[in-house]
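Peer 1: What follows is a predicted protein model with its sequence.
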Amino acid sequence: MRISSVQKDILFVLYQLELRGVVKPIAATDILMMVNQSRNTEVFGTNFRVSCHKLNEHGLVHMHRNLKSLTLSFRLTDAGREKASKLKMS
């Protein structure tokens, strides 16, 4: 799987949060805000959501939906954590 720059940023954000001890799923809106803070050009919500769903399809992130609020959240899988650690070095 070829990883886009948006997907790399998503994996990097989730990996950095894990390194800081955050183990719960992170809301998609929070991830998008963090990604956009670190980029020169803003990532549009639709592109961000497609990137997250592709990462989920390829087993790099696990998707959570809160049944009360319908909030969409993500966390790294073991494969995603491994991929993110390699991206960090490059």
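Peer 2: Perfect, I can see it now.
Peer 1: give me phi/psi at Ser4?
Peer 2: For Ser4, the backbone dihedrals (degrees, to the nearest 10) come out as phi -80, psi 170.
Peer 1: Poorly predicted segments of the protein, please.
Peer 2: 88-90 (pLDDT under 70).
Peer 1: now with 90?
Peer 2: 1, 23, 38-39, 66-67, 87-90 (pLDDT under 90).
Peer 1: Buried residues in the helix ranked longest in the chain, which are they?
Peer 2: Longest helix in the chain by number of residues, with DSSP state H as the criterion: helix 5-19. The neighbour-count check on helix 5-19 (16 or more other Cβ atoms under 10 Å) flags 6-15, 17-18 as buried. Every C-beta, even on glycine, is put in place using the N, C-alpha and C of the backbone.
Peer 1: got the residue ranges for the helices in the chain?
Peer 2: 5-19, 28-37, 45-57, 78-89.
Peer 1: Just tell me which of those helices ends up closest to Leu70.
Peer 2: Nearest to Leu70, of all these, is helix 28-37, at 11.2 Å by Cβ to Cβ.
Peer 1: Tabulate the buried residues of helix 5-19 (CSV), appending distance to Lys83.
Peer 2: Formatted as CSV, these follow (distance: Cβ to Cβ, whole Å):
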residue, distance to Lys83
Val6, 14
Gln7, 9
Lys8, 9
Asp9, 13
Ile10, 11
Leu11, 6
Phe12, 10
Val13, 13
Leu14, 11
Tyr15, 9
Leu17, 15
Glu18, 13
